[in-house]
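1. sharing a model prediction with you, sequence too.
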Amino acid sequence: MWVTSSLETVLIPTAIALGNFDGVHCGHQRVIEPVLALSHATVVTFYPHPQEFFTGQKRTLLTPLEEKVEYLRSLGVEQLVMLPFDELLAALSPEEFVEKILVQRLKAQKISVGQDFHFGRQRMGTATDLQAIAAKYNIAVNIVSLQTCGGERISSSSIREALLAGDLSTANQLLGRNYSLTGKVVVGQKLARTLSFPTANLELPPEKFLPKHGVYGVRVAIAAKSPAQNTILEHPPTPLIGIMNIGTRPTVDGTRITIEVHILNWSGDLYGQTLTASLEKFLRPERKFASLEDLKAQIQADVDLWEGIGNREQGTGNRE
């Protein structure tokens, strides 16, 4: 997939799905679907997020760039254009945005947006405004109605709220997949090893949105690069059962947020490798224990609980 933030290097003409698409959730996928069968199927988004531009505050993301690229590629998107959101772009009227960006620079042939899409100076333009303006250039605009799942509106905000509440069932249903954390394994304090539960400490992109602090049942994929082919290989090919702790480790007076994964019934050197932990079940909130022995006993209880659940759902026993 071609990824660019320069209008000088865009592959044209384009069929465009337009929006922010943080999470690439079920609702976003419905917006993207209408352009996939057309030449140069393109997702056009904004960087930084307009809200970040106007407030000056960094915004965490459900899908940082590398994740977003992978999800879009898996859908069949051929090109991702990240429009630099600056003062010049923010000042464009709806009419100017259509003419200067969509028509002149992107050579749009078809556009797809969500029903709640707004654009142009002070977000004055609506999806129906876009449809009317684009019609002057003989460009068809597909407006996708707001999507719901189980009576819940599918949105990035509702997914964030569910994740912060530890409600993985709702979050994963709205996403259409399990929420995941991908990071490089780095050296930690090796405290968990002394408790007989060695963990892989993940270094995530700083903008990655973190769910509620606590312990999760996860499935872990280990990615490694093949020097010969320079491609990503999954090793082992079947995701492993693991438990993940997200938090500050209050029992040892920790202050920094860490993400640690213990893989059940598996051992090996993971330093420098990339892990993806797919979050399946919220087991318990993080809490402070009276002693390391109490913490060790709770970790064993967490392992026993998730190993039983995970093996039943996977339909297998020992995963060594």
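-> Everything's here; your move.
2. my read: residue 255 touches residue 247, true?
-> No - using Cβ atoms under 8 Å, residue 255 is not in contact with residue 247; the gap is 10.9 Å. Every C-beta, even on glycine, is put in place using the N, C-alpha and C of the backbone.
3. which of those two has more residues huddled nearby?
-> residue 247 (19 against 7; other Cβ atoms under 10 Å).
4. now do the contacts for that one.
-> Applying Cβ atoms under 8 Å, 6 or more residues apart in numbering to residue 247 gives the contacts 213-214, 254, 257-258, 286.
5. cool, and residue 300?
-> Contacts of residue 300 (Cβ under 8 Å, 6+ apart): residue 197.
6. now the helix or strand harbouring it: mean pLDDT?
-> Secondary-structure assignment from DSSP states H and E places residue 300 in helix 292-314. Computed over helix 292-314, the mean pLDDT rounds to 82.
7. quick check: buried residues in it?
-> Across helix 292-314, burial judged by 16 or more other Cβ atoms under 10 Å covers 295-296, 299, 302-303, 305-307, 310-311.
8. now swap in stretch 22-42 and tell me
-> 22-35, 38, 40-42.
9. try stretch 271-281
-> 274-281.
10. just the CA atoms of it, as CSV, please.
-> C-alpha atoms of stretch 271-281 as CSV (Å, rounded to 0.1, in the frame of the first residue of the first chain):
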residue,chain,number,x,y,z
TYR,A,271,14.4,-9.4,23.4
GLY,A,272,14.2,-7.2,20.4
GLN,A,273,11.3,-9.1,18.9
THR,A,274,7.9,-7.6,18.2
LEU,A,275,4.8,-9.1,20.0
THR,A,276,1.2,-8.5,19.4
ALA,A,277,-1.1,-9.2,22.3
SER,A,278,-4.7,-9.6,21.4
LEU,A,279,-6.9,-8.7,24.4
GLU,A,280,-9.6,-11.3,25.0
LYS,A,281,-10.7,-11.0,28.6
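11. tell me the gap between it and the middle of its chain.
-> The gap between where stretch 271-281 is centred and where its chain is centred comes out at 13 Å by Cα atoms, centre = their mean, to the nearest Å.
12. now swap in stretch 17-27 and tell me
-> On Cα atoms, centre = their mean, the centre of stretch 17-27 falls 10 Å from that of its chain.
13. ok, residues contacting that stretch?
-> Residues contacting stretch 17-27 (Cβ under 8 Å, 6+ apart): 28, 31-32, 34-35, 41-46, 49-50, 61-63, 68, 71-72, 75, 77, 111-114, 117, 119, 144, 146-147, 149, 154-156, 159, 174-176.
14. and it, average pLDDT?
-> 96.
15. start to end distance for that stretch?
-> 12 Å (Cα to Cα, to the nearest Å).
16. a markdown table please, covering the buried residues of helix 292-314 and showing distance to residue 205.
-> What follows is the buried residues of helix 292-314, written out as a markdown table (distance: Cβ to Cβ, whole Å):
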| residue | distance to residue 205 |
| --- | --- |
| 295 | 29 |
| 296 | 31 |
| 299 | 27 |
| 302 | 26 |
| 303 | 28 |
| 305 | 30 |
| 306 | 26 |
| 307 | 30 |
| 310 | 27 |
| 311 | 32 |
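17. farthest pair in those?
-> 295 and 311 (24.1 Å; Cβ to Cβ).
18. and after the helix or strand containing residue 51, which helix or strand comes next?
-> Assigned by DSSP H and E, residue 51 belongs to helix 50-55. Under the assignment DSSP H and E, the closest C-terminal helix or strand after helix 50-55 is helix 65-75.
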